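Enquirer: the sequence and its predicted three-dimensional model are supplied below.
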Amino acid sequence: MNQAIQDAIDADNYYLQTGKTRGPLHGLPISLKDTIDVEGVDSTIGIIKKSFKPAKRDATVVEAFFLYSLFLFFSFFFFLFFFFTLLIFFF
C-alpha cells in the first residue's frame, strides 16, 4: 500500500512539474491477484509457506501489461467507437 501511495505522489508531482501525464493509464490504480508475480511483492497464492518471500521479477503478463497499456487503451476506445457507430448506423 505504501508503494501505491508513493507512486501516486510521484505521478502527481510529475504532472505538476511538466503538465503532462505519464501515459494513458496515468493515475489509474491497478490491482492484480496474488497469483501473479510482481517484483518485490509476495505472491502467496493462498499458501502460508510462500509468505514473506517477495517475487524477484515481474511475471510476463505484468511486463506485457505495462508495455502494451497504450495499445490496450486505444484498442478499447476503437472498439467503443466502432460499436456505437454500428448502433447509430443500424438503429
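Expert: Received it, and whenever you're ready, just let me know what you need.
Enquirer: what's the distance between the residue most central in space within the chain and residue 36?
Expert: With distances taken as C-alpha atoms, centre = their mean, residue 30 lies nearest the centre of the chain, 4.4 Å away. Separation of residue 30 from residue 36 (C-beta to C-beta, to the nearest Å): 11 Å. In this view, the C-beta of every residue, glycine as well, is placed from N, C-alpha and C.
Enquirer: likewise for residue 15?
Expert: Taking C-beta to C-beta, one finds residue 15 at 28 Å from residue 36.
Enquirer: mind listing the helices for the chain?
Expert: Taking DSSP state H as the criterion, the chain carries its helices at 2-18, 60-67, 69-90.
Enquirer: and those, which is most packed in?
Expert: The highest average neighbour count among the helices of the chain, using mean count of other C-beta atoms under 10 Å, belongs to helix 60-67 at a mean of 12.
Enquirer: between it and helix 69-90, how many degrees?
Expert: Relative orientation of helix 60-67 and helix 69-90, computed by axes from the mean of the first three to the mean of the last three C-alpha atoms, to 10 degrees: 70 degrees.
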